[in-house]
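Student: Sequence plus predicted model, see below.
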Amino acid sequence: MNPKLNINESFICRIWEGAGEYYSDLIADCGEKVEVIDYGKRNYDSGPDYKDAKVKIGGKTFTGDIEIHRDFKNWAEHDHPKDSRYNSVILHVVLWDSEIKTAPKLRIKRDLPTVILANHLNNSIHNIWQDIISRPSEKFKLPCCDLNKSVDDIVIKKWFKKLAVQRLKLKSERLKERLIEIGKKTFNKSGENLKSKKAWEQVFYEFIFEALGFSKNKEQMLRLSSNLNLEFIQKLTKKYDVLLIQSLLYGAAGLLFDLRHKDEYIDIIKESWKKSEDKIKIPRLNKSEWNFFRLRPQNFPTIRIAYGSQLILKILEGDLFKNIILSFQREFSVTGLYRNLQALLKPEEDKYWNVHYDFGKRSANFNKLLGRQRINDIIINVITPVVYLYSEIFKNGMIKKNVLILYDTLKIKPENSVLNVIKEQVLISRDIQINTPSMEQAAIQLYNFYCTRERCSECEIGKLALNRKGMDYKIIFY
C-alpha cells in the first residue's frame, strides 16, 4: 500500500459501489462465492455503512446490512462486537488483508463472512485512486470549503503560480527519469541519452500514448509503447505502412488474440501480424487487460491505437518531434503556435477506424480518431513539459521563454469535475479564472497533491483558513 494515499472508508465505499469497473468475482474468506444482489442504501449516520442489502453467499441469499473497513482490525477497534446495531450485518468488506486476522464478532452467535477487496481488484489501487479522485462525487467537500473566504485573492494567485510551476517540473522530472532509463538501456551510460534524438522521440511517443489511454487505459498504453518501441518498428518496416504498424500495435496489445470477427481489414492485419509475430521477442499485453467498460465508443483503446499508428508515422517519417521543437525556437504569436501544434497532431482519415469502434463493429456516426479537446490535452500535458525539459537540458533560453509564454497565456476553457470542485469551493466569488494551462494545472496540482492527501498544513490556503487548533481535516469522498 502506498501510505500517501488517503484510503479512508468513504473512499472504499466508492470502490465497493464500482462492481465490474473496479472489482469482480468476489470470494469470502470462508471460500464461498459472493454475489451482491442489492447494495442497499448508503448510511451516513452511525451504524453499518449500508442498510437493507441483499447478498448471495455460497448459494444462500441473505438480507441485512454491510459494513466497510480498511482491514480486519477495524471491526474491534470501532467496538462493533459490543454494539447490537451490528447484529444485522451480513457481510464485512475490507480493502486490505491483515497479517493477524481476527474474525469479526457479533453480539449474537453467528459467523460473519469477510470479503477482501484487494484480492479481487481489476486494476492497481493507485489507478483506482486516480480514477475516483478525478471524478469526485456531488458530496465531495474540501476541509476549507466554508472557511477559505477569509483568504485574500493575492495569496491565492501567488499560491497558484507556485503550484503551476510545481506541476510543470513534476511532469518534466518524470520525463527526464524515463529519458535516463532509455539511455542506460541504449548506451549503458546515464548521460549520453539526454541529447539522443532517438531517446527523445521514444519518450515523446510513450507519453503521448499514455495520454491517449485516458484514466482507464493509460497504464496499458504506456506499456504497449514501451514494449513495442520505435526501434523495433523501424527494424520491422522497410517502408513505413500504417497497416503494418497497426498490425504490430494490435498484435502486441493482445487484441488480435482469438479475434473471431472477419472482414477484409481484419484479415489483412491478422496476416501481417502472423508474419511479424515470431520476429518480435517482447512482452505482450493480454486482451483482458484493456478496459472498454463505461467508455464511450470513440474512447475505446482500439480507436486510440489507430491514432497511435498515425503518430508513429509522423515521428518516423515526418520528423514530428523535430518540427514541434522548431515551433518554439522562433518568435511567435501564442495563437499561431497553438494552431501549428494542433495541425501537427491532427489525425488523418482512416477508412476502417473512422467507421468502426471495435473490430467488426460499425459505428453509428463518423469517428474522429482524436478530437480537438484531446489534442489540447496532449499539448498541455505532454508537449509543454517535454519542450520545457528540452529547453533545460539543451540550455535554450528562447525555447524556455516561449514554452512558458504558451503555458501562462494561452486562453483555454477547461471543464472537468476536479476543476469544478476548485471553482465552486475555493475560487467562487473571486476575480480568479481558470482560463490558461498554468491555472488549470495549478488547480489540478492543488486538488491531487494537497486537498485529496489532506496536506492542508502545507497549503497556503489551508494554513490561513484552517488555523484553529484541533480542526478535523477529513475529506468527504462520497
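Tutor: Sure thing, it's come through.
Student: which residues in the stretch 301-450 of the chain form strands?
Tutor: 356-358, 361-362 (DSSP state E, counting those that start in this stretch).
Student: Could I get the ones you listed in a markdown table, plus columns for distance to residue 120, mean neighbour count and mean pLDDT?
Tutor: C-beta here means a position set from N, CA and C on the backbone, and glycine is covered the same way. Below are the strands of the stretch 301-450 of the chain laid out as a markdown table (distance: least, C-beta to C-beta, whole Å; neighbours: other C-beta atoms under 10 Å; pLDDT from 0 to 100):
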| stretch | distance to residue 120 | mean neighbour count | mean pLDDT |
| --- | --- | --- | --- |
| strand 356-358 | 26 | 20 | 97 |
| strand 361-362 | 29 | 10 | 95 |
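Student: in which helix or strand would I find the spatially most central residue of the chain?
Tutor: In the chain, the centroid-proximal residue (C-alpha atoms, centre = their mean) is residue 215; its distance is 3.0 Å. Using DSSP states H and E, residue 215 sits in helix 214-227.
Student: in that helix, what counts as buried?
Tutor: 214-226 (16 or more other C-beta atoms under 10 Å).
Student: tell me the least confident of those residues?
Tutor: Among the buried residues of helix 214-227, residue 215 has the lowest pLDDT, at 82.
Student: For that residue, give me its contacts.
Tutor: Counting by C-beta atoms under 8 Å, 6 or more residues apart in numbering, residue 215 makes contact with 127, 130, 131, 134.
Student: and which of the residues you listed is nearest residue 272?
Tutor: Checking these against residue 272 by C-beta to C-beta gives residue 127 as the nearest, at 31.7 Å.
Student: wait, isn't that closest one in contact with residue 219?
Tutor: Yes. Using C-beta atoms under 8 Å, residue 127 is in contact with residue 219, at 6.1 Å.
Student: Same question for stretch 428-435: list its buried residues.
Tutor: 432, 434.
Student: now that stretch: mean pLDDT?
Tutor: Mean predicted confidence for stretch 428-435 is 95.
Student: One more: stretch 311-324?
Tutor: 96.
Student: how far does that stretch sit from the chain's center?
Tutor: 26 Å (C-alpha atoms, centre = their mean, to the nearest Å).
Student: in that stretch, what's buried?
Tutor: For stretch 311-324, using 16+ other C-beta under 10 Å, the buried residues are 311, 312, 313, 314, 315, 316, 320, 321, 324.
Student: The third one against residue 244, yeah?
Tutor: It refers to residue 313. No. Judged on C-beta under 8 Å, residue 313 makes no contact with residue 244 at a distance of 10.3 Å.
Student: Mind listing what's buried along the longest helix that the chain contains?
Tutor: Assignment by DSSP state H gives helix 153-187 as the longest helix of the chain. Buried residues in helix 153-187, defined by neighbour count with 16+ other C-beta under 10 Å: 156, 159-160, 163-165, 167-168, 171-172, 175-176, 178-180, 182-183, 186.
Student: remind me which residues of the chain are low pLDDT?
Tutor: 1-6, 186-193, 238, 468-478 (pLDDT under 70).
Student: okay, now the domains of it?
Tutor: 9-133, 189-409 (automatic domain parsing).
Student: now those domains in JSON lines, with distance to residue 445?
Tutor: Output for these, formatted as JSON lines (distance: least, C-beta to C-beta, whole Å):
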{"stretch": "domain 9-133", "distance to residue 445": "13"}
{"stretch": "domain 189-409", "distance to residue 445": "12"}
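Student: Indicate which one of those domains is closest to residue 464.
Tutor: Nearest to residue 464, of the domains of the chain and by C-beta to C-beta, is domain 9-133 at 23.9 Å.
Student: tell me the helices in the stretch 1-150 of the chain, going along the chain?
Tutor: 9-16, 73-77, 125-133 (DSSP state H, counting those that start in this stretch).
Student: Please identify the most buried of the ones you listed.
Tutor: Highest mean neighbour count among the helices of the stretch 1-150 of the chain (mean count of other C-beta atoms under 10 Å): helix 9-16, with a mean of 21.
Student: and for it, what are the contacting residues?
Tutor: Contacts of helix 9-16 (C-beta under 8 Å, 6+ apart): 22-23, 39, 42, 49, 66, 68-70, 93, 95, 117, 121, 128-129, 132, 137, 475-478.
Student: Please write out the alpha-carbon positions of it in PDB.
Tutor: Taking C-alpha atoms only, helix 9-16 is exported to PDB below (Å, rounded to 0.1, in the frame of the first residue of the first chain):
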ATOM      1  CA  GLU A   9     -13.800   4.300   4.500                       C
ATOM      2  CA  SER A  10     -15.700   6.800   2.300                       C
ATOM      3  CA  PHE A  11     -13.200   6.100  -0.500                       C
ATOM      4  CA  ILE A  12     -13.500   2.300   0.000                       C
ATOM      5  CA  CYS A  13     -17.300   2.800  -0.400                       C
ATOM      6  CA  ARG A  14     -16.700   4.300  -3.800                       C
ATOM      7  CA  ILE A  15     -14.700   1.200  -4.800                       C
ATOM      8  CA  TRP A  16     -17.400  -1.100  -3.300                       C
END
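Student: Show me how far that helix is from its chain's centre.
Tutor: That offset, for helix 9-16, works out to 18 Å (C-alpha atoms, centre = their mean).
Student: cool, stretch 147-165 as well?
Tutor: 26 Å.
Student: And the contacts of that stretch?
Tutor: 142, 407-408, 425-427, 429-432, 438-439, 441-443, 445-446, 459-461, 464-466.
Student: Provide a ChimeraX selection command restricted to the buried entries of the residues you listed.
Tutor: The ChimeraX command for the buried members of the contacts of stretch 147-165 (criterion: 16+ other C-beta under 10 Å) is given here:
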select :142,407,425,426,427,432,438,439,441,442,443,445,446,459,460,461,464,465,466
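Student: chain center to stretch 319-338, what's the gap?
Tutor: Worked out by C-alpha atoms, centre = their mean, stretch 319-338 lies 28 Å from the chain centre.
Student: hmm, back to that, out of the strands of the stretch 301-450 of the chain, the one nearest residue 381 is which?
Tutor: Nearest of the strands of the stretch 301-450 of the chain (C-beta to C-beta): strand 356-358, 24.4 Å.
Student: That closest one pairs with which strands, and in what direction?
Tutor: Sheet pairing for strand 356-358, assigned by DSSP bridges, gives strand 361-362 (antiparallel).
Student: Run through who's touching the strand it pairs with.
Tutor: Residues contacting strand 361-362 (C-beta under 8 Å, 6+ apart): 261, 355, 356.
Student: Would you convert those residues into JSON lines that also reports distance to residue 86?
Tutor: What follows is these, written out as JSON lines (distance: C-beta to C-beta, whole Å):
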{"residue": "261", "distance to residue 86": "51"}
{"residue": "355", "distance to residue 86": "56"}
{"residue": "356", "distance to residue 86": "52"}
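Student: related to what we said a few turns ago, tell me the angle of the helix holding residue 215 relative to helix 125-133?
Tutor: On the basis of axes from the mean of the first three to the mean of the last three C-alpha atoms, to 10 degrees, helix 214-227 is oriented at 140 degrees to helix 125-133.
Student: need the next SSE after helix 214-227, C-terminal direction.
Tutor: helix 230-236.
Student: The helix or strand following that next one - contacts with which helices or strands?
Tutor: Per DSSP H and E, the first helix or strand lying C-terminal to helix 230-236 is helix 242-252. Using 3 or more C-beta pairs under 8 Å, 6 or more residues apart in numbering; DSSP states H and E, the elements in contact with helix 242-252 are helix 214-227, helix 230-236, helix 264-277, helix 301-316.
Student: This completes my enquiry, with thanks.
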